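[1] Okay, structure incoming, though there's no sequence with it:
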């Protein structure tokens with residue numbers, strides 16, 4: 001009986017391994033859809049389209065970027081959660097995936113039912129303004145905000161977006177309110193800043209480095225401990241006298257919870273290949289972004305980081321009490 005039981009376990013194990021190998025060998029069976037929860041042209045969309053060709057080349061099937069913007073990134077996440085957990089539809093996630101569980105607790109899907117595939121990149125935030133904004137440095141900007149208050153407006157890509165969180169953190173740090181103006185995407189924020197109809201922003205460098213370099217907008221500080229390579233002339237918030245103002249945006253690939261582990265691993269291997277591509281890495285740096293650390297590129301490392309971000313932002317979001325419209 002023991003021999004028979006052992007043989008049965010061995011047979012089952014071999015069958016499971018064979019099935020896993022077969023699934024890996026056949027996945028993907030058609031083009032993979034990578035959903036971005038924000039409008040085309042924004043920082044998440046730019047990085048998603050940068051890595052999509054390399055992912056497709058490694059997987060042997062095209063990776064098609066699909067934009068599903070709105071409601072602070074929850075529409076895009078909902079699109080992925082409604083798909084089969086087979087790896088054919090994945091989410092190009094962002095910091096929004098760490099705010100949705102707090103901002104939208106009554107969705108028609110579980111916002112925690114995601115499996116990280118791996119982090120793609122981390123992005124410094126830049127405190128920016130229209131090019132004729134009357135402040136020569138960050139200290140003067142802070143003084144002006146404290147003096148003018150709600151007479152100034154600060155744009156963001158929608159409640160729960162990375163730029164919205166940066167705005168909340170900035171205002172909490174300096175202890176003064178301004179008029180927050182939500183847009184439906186970062187590109188629209190940039191348009192109004194360049195047009196001079198919006199005063200301030202706090203946005204990812206992937207979205208504004210080129211505009212800062214060209215002088216169409218002003219940059220006062222970078223919110224990470226180190227300066228951004230693409231914006232070496234812009235001081236950090238610590239250097240500019242506001243050391244408490246520290247954060248970064250990030251992007252991560254997610255699959256719906258329940259996606260077979262072998263499929264998650266296959267997608268992760270494709271991501272690892274892309275993040276070793278010198279052309280991709282060079283372009284990321286040009287955009288003001290940094291490739292994810294090795295530890296966060298793994299499914300386990302990415303998952304742990306994501307859950308920690310949810311815990312980090314929950315108290316601030318609950319204190320503000322805002323939710324996407």
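    The structure has been received and is ready for your questions. Keep in mind the model is a prediction, meaning the values are calculated, not measured.
[2] quick one: contacts for residue 126?
    Contacts for residue 126 (Cβ atoms under 8 Å, 6 or more residues apart in numbering) come out as 202-205, 208-209, 212, 219-223, 228, 231, 234, 288. C-beta here means a position set from N, CA and C on the backbone, and glycine is covered the same way.
[3] closest to residue 139 among those residues?
    Of all the contacts of residue 126, residue 139 sits closest to residue 220, with 9.2 Å by Cβ to Cβ.
[4] and the most centrally placed residue in the chain, what does it touch?
    Residue closest to the mean C-alpha point of the chain, counted by Cα atoms, centre = their mean, is residue 94 at 2.3 Å. Counting by Cβ under 8 Å, 6+ apart, residue 94 touches 37, 38, 44, 73, 161, 162, 249, 250, 251, 252.
[5] Now which of the residues you listed would you call buried?
    For the contacts of residue 94, a burial check counting by 16 or more other Cβ atoms under 10 Å picks out 37, 38, 44, 73, 161, 162, 249, 250, 251, 252.
[6] Save those as JSON lines, and put in distance to residue 197, pLDDT and secondary structure too.
    Output for the buried ones among the contacts of residue 94, formatted as JSON lines (distance: Cβ to Cβ, whole Å; pLDDT from 0 to 100; DSSP: H, G, I helix; E, B strand; the rest coil):
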{"residue": "37", "distance to residue 197": "26", "pLDDT": "91", "secondary structure": "coil"}
{"residue": "38", "distance to residue 197": "21", "pLDDT": "84", "secondary structure": "coil"}
{"residue": "44", "distance to residue 197": "24", "pLDDT": "87", "secondary structure": "helix"}
{"residue": "73", "distance to residue 197": "25", "pLDDT": "83", "secondary structure": "helix"}
{"residue": "161", "distance to residue 197": "20", "pLDDT": "77", "secondary structure": "coil"}
{"residue": "162", "distance to residue 197": "22", "pLDDT": "83", "secondary structure": "helix"}
{"residue": "249", "distance to residue 197": "24", "pLDDT": "90", "secondary structure": "strand"}
{"residue": "250", "distance to residue 197": "30", "pLDDT": "94", "secondary structure": "strand"}
{"residue": "251", "distance to residue 197": "29", "pLDDT": "96", "secondary structure": "strand"}
{"residue": "252", "distance to residue 197": "33", "pLDDT": "98", "secondary structure": "strand"}
